[in-house]
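Novice: Kindly return the folded structure for what I paste below:
(chains A and B)
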Amino acid sequence: MSETKQTFNSSLGKKLIMALTGLFLCTFLIVHLGGNLLLFSNDGGYSFNMYANFLTHFPPIEVVAYVLYASILVHALYAIILTTKNRKARPVTYAVVNKSPASWSSKNMGLLGSILFLFIVIHMGDFWYKYKFTNTVNFKEYRTNLATGERTETAYTPEKADFEHSQSFDGNTEIIRVKDLHARVQSSFSQLWYVAIYVIAMGALTFHMVHGFQSAFRTLGWVHRKYTPIVEFIGTWFFGAIIPLGFAAMPVVYYFMSLSK
Amino acid sequence: MDNANMKLTLKVWRQKDAKTAGKFETYKAENISPDMSFLEMLDIVNESLTHGGQEPIYFDHDCREGICGMCSLYINGNPHGPKRAITTCQLHMRSFHDGETITIEPWRAAPFPVVKDLAVDRSAFDRIQQAGGYISINTGGVPDANAIPIPKIIADEAFNSATCIGCGACVAACKNASAMLFVSAKVSQLGMLPQGQPERYRRVQTMVTQMDEEGFGNCTNTGACEAECPKEISLTNISRMNNDFLSAKLFRQEEVHEIKHEGA
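Specialist: Predicted coordinates:
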């Protein structure tokens, strides 16, 4: 076995891969939440649609996106490999298992991860796949008067089937035609069961982060009496509370907005 | 004994040998004093089993003062029973109440095959130790005391790791049957001291490789091992081991130790 293979086939090597992909996915959560907060800008979905268009048409972002998808798959695959090995290490289970002081989330990372994986499949299938690979997302035309800043929006039906987006000027008016992902978000988040899936998944994210974030640092060997409490604080309150609450607020707020219409 | 009045029901795992499937048998333990240790209680049960012509319950024990690491037993869902930071020989019957049913199981892990009943073969730990848990020195005259300066905080940390008695409670408690707490304690006790430096990175690599070969599970940092350890070995040891292993493999090319198998 080559030396590199030996490193990554060892138990610690596999844990290293789990930790690195996990932390990379954590950084993605920050970016994804930051961008999607545009859903709360009250401008008829203009900035959100522009942002979605930018993400899908800016090559460097597209490259990072595929690294991200690969990380999700590797993280899940290694979780399965490690869990299988762990099960093999205890072929006969205990008849009585007492409550140990180990946290609930630390003992259920596989269950939490499975919920999150299922959620990612539903979520990407509904937005990412339909946006990129189908014609089911409608278009919108935004006309902005550059002098006054006034903006009007209308539905737009493209003449060509493979139309993506366009920007043109008509005198002092900027005309932007983009896919209206915002409308898709509105219609999805007006269904209660769909909102429920999102809220449950974000609950799972909370518990996955509370254990996972600090555990990744332990796996990397980065433990210090000064900064480990800070890592645990960030894992619990930033990744475990603020981020999932921010994400969960989107379907909840959009659901209540759909009721008041 | 004056107050030998406890009556207990024991559900004990009986297994003829590693190849035969085991099952629970129920026994009555009577005239038990609350001041007896758990092992003394088993001695009394065994005595009555022997008198009745039955095979006594086979269990591991040796020093009976909490320092040898020989006694095991997974009692009512905890390694070494319900109390923290003790071995089974230090567990007294006053920790149980009269009439209680106590379930006693062996350590359960593939690398710890059952020898008989409650005794398991922990030689996997010996093989991990033999893979690198030592220092090479030239013997000779006794060196002067304090000839090698060691800061107190380092000496204390190394000594804390060195208190590991290799009982295997960490493996028994871990939901993944991982041996990382044991291995990391053995890696740390030498790796932190000057005498352990020459083989520091080689040691962590050979011991981790042996641990993997024995078939132990992988650490998920749940902390169950630390909570159940009779010597309260800290989880920090595992991070220290990870740090040494990864820095050897990824950042110190002169320290990379490729394991070559004989005949492979």
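
Novice: Going by C-alpha atoms from here, please, whenever you check contacts or count neighbours.
Specialist: Fine.

Novice: Chain A contacts on chain B?
Specialist: Applying C-alpha under 8 Å from any C-alpha of the partner chain, we find that chain B lies next to chain A at B:76-78, B:103, B:105, B:108-111, B:175-178, B:208-209, B:212, B:215-218, B:220-224, B:227, B:236, B:238-243, B:245-246, B:249, B:258.

Novice: hmm, who's touching the helix or strand where residue A:49 lies?
Specialist: Using DSSP states H and E, residue A:49 sits within helix A:46-57. Helix A:46-57 has contacts (C-alpha atoms under 8 Å, 6 or more residues apart in numbering or on different chains) with A:35-36, A:38-39, A:41, A:61-62, A:132, A:142, A:165, A:178-182.

Novice: Show me the residues you listed that map onto helices.
Specialist: Counting by DSSP state H, the contacts of helix A:46-57 place A:35-36, A:61-62, A:132, A:181-182 in helices.

Novice: ok, these vs residue A:205, which is closest?
Specialist: Nearest to residue A:205 out of these is residue A:36 (C-alpha to C-alpha; 17.0 Å).

Novice: tell me the phi and psi of residue B:29?
Specialist: Backbone torsions for residue B:29, taken as degrees, to the nearest 10, come to phi -110, psi 120.

Novice: close enough to count as contact, it and residue B:10?
Specialist: Yes: taking contacts as C-alpha atoms under 8 Å, residue B:29 lies within contact range of residue B:10: 6.9 Å.

Novice: Now that we have the ones in helices among the contacts of helix A:46-57, which of them are buried?
Specialist: Among the ones in helices among the contacts of helix A:46-57, the ones that count as buried by 16 or more other C-alpha atoms under 10 Å in any protein chain shown are A:36, A:181-182.

Novice: distance between stretch A:50-70 and the chain's centre?
Specialist: Computed by C-alpha atoms, centre = their mean, to the nearest Å, the chain-centroid distance of stretch A:50-70 equals 13 Å.

Novice: Then stretch B:150-166?
Specialist: That offset, for stretch B:150-166, works out to 17 Å (C-alpha atoms, centre = their mean).

Novice: got it, and stretch B:55-65?
Specialist: 15 Å.

Novice: and it, average pLDDT?
Specialist: For stretch B:55-65, mean pLDDT is 97.

Novice: As CSV, could you dump the C-alpha coordinates of it?
Specialist: Output in CSV follows, covering the C-alpha atoms of stretch B:55-65 (Å, rounded to 0.1, in the frame of the first residue of the first chain):
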residue,chain,number,x,y,z
GLU,B,55,-19.9,-24.5,36.6
PRO,B,56,-18.9,-21.3,38.3
ILE,B,57,-19.1,-17.9,36.5
TYR,B,58,-15.8,-17.2,34.8
PHE,B,59,-14.7,-13.5,35.2
ASP,B,60,-11.4,-11.7,35.2
HIS,B,61,-9.8,-10.2,38.3
ASP,B,62,-6.4,-9.8,39.9
CYS,B,63,-5.2,-7.1,42.2
ARG,B,64,-8.6,-6.1,43.6
GLU,B,65,-7.4,-2.7,44.5
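
Novice: neighbours of residue 224, just the number please.
Specialist: Since you didn't name a chain, this refers to chain A. 13 (other C-alpha atoms under 10 Å in any protein chain shown).

Novice: try again with chain B
Specialist: Neighbour tally, residue B:224, other C-alpha under 10 Å: 24.

Novice: list the contacts for it?
Specialist: A:100-102, B:170, B:173-174.

Novice: Could you confirm whether the strand or helix carrying residue A:206 reaches chain B?
Specialist: For residue A:206, the element it lies in under DSSP H and E is helix A:192-219. Yes: judged by C-alpha under 8 Å from any C-alpha, helix A:192-219 comes into contact with chain B at A:215, A:218-219.

Novice: Grab the nearest non-local neighbour of residue B:231.
Specialist: In space, and not counting its chain neighbours, residue B:231 is closest to residue B:85: 5.7 Å by C-alpha to C-alpha, 6 or more residues apart in numbering or on different chains.

Novice: which residues are there in chain A that come within reach of chain B?
Specialist: Contact residues, chain A versus chain B (C-alpha under 8 Å from any C-alpha): A:2-3, A:6-7, A:10-13, A:15, A:82-83, A:85-103, A:106-107, A:215, A:218-223.

Novice: Any quick PyMOL command for the buried ones out of the residues you listed?
Specialist: Buried members of the residues of chain A next to chain B, defined by 16+ other C-alpha under 10 Å, are picked up in PyMOL with:
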select buried, chain A and resi 6+7+10+11+12+13+15+82+83+85+86+87+88+89+90+94+100+102+106+107+215+218+219+220+221+222+223
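
Novice: Which ones among the residues of chain A next to chain B lie within strands?
Specialist: Among the residues of chain A next to chain B, no member falls in strands (DSSP state E).

Novice: Out of the residues of chain A next to chain B, name the ones that lie in helices.
Specialist: A:3, A:6-7, A:11-13, A:15, A:82-83, A:85-88, A:106-107, A:215, A:218-219.

Novice: Quick one: the helices in chain B, in order.
Specialist: B:38-51, B:123-132, B:152-162, B:169-173, B:180-191, B:200-214, B:224-228, B:236-246.

Novice: Could you export those as a markdown table, including mean pLDDT?
Specialist: Below are the helices of chain B laid out as a markdown table (pLDDT from 0 to 100):
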| stretch | mean pLDDT |
| --- | --- |
| helix B:38-51 | 97 |
| helix B:123-132 | 97 |
| helix B:152-162 | 97 |
| helix B:169-173 | 97 |
| helix B:180-191 | 98 |
| helix B:200-214 | 97 |
| helix B:224-228 | 96 |
| helix B:236-246 | 97 |
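
Novice: Reformat the ones you listed as TSV; add distance to residue A:193.
Specialist: Shown next, in TSV, are these (distance: least, C-alpha to C-alpha, whole Å):
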stretch	distance to residue A:193
helix B:38-51	55
helix B:123-132	52
helix B:152-162	52
helix B:169-173	40
helix B:180-191	43
helix B:200-214	45
helix B:224-228	37
helix B:236-246	43
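
Novice: between these, which one is nearest to residue A:238?
Specialist: Comparing these by C-alpha to C-alpha, helix B:236-246 comes nearest, at 23.3 Å.

Novice: And the residue of the stretch 1-150 of chain B found nearest chain A, its phi and psi?
Specialist: Nearest residue of the stretch 1-150 of chain B to chain A: residue B:77, at 4.0 Å (C-alpha to the nearest C-alpha). Backbone torsions of residue B:77, given as degrees, to the nearest 10, read phi 90, psi 10.

Novice: Having no further points to raise, I will conclude here.
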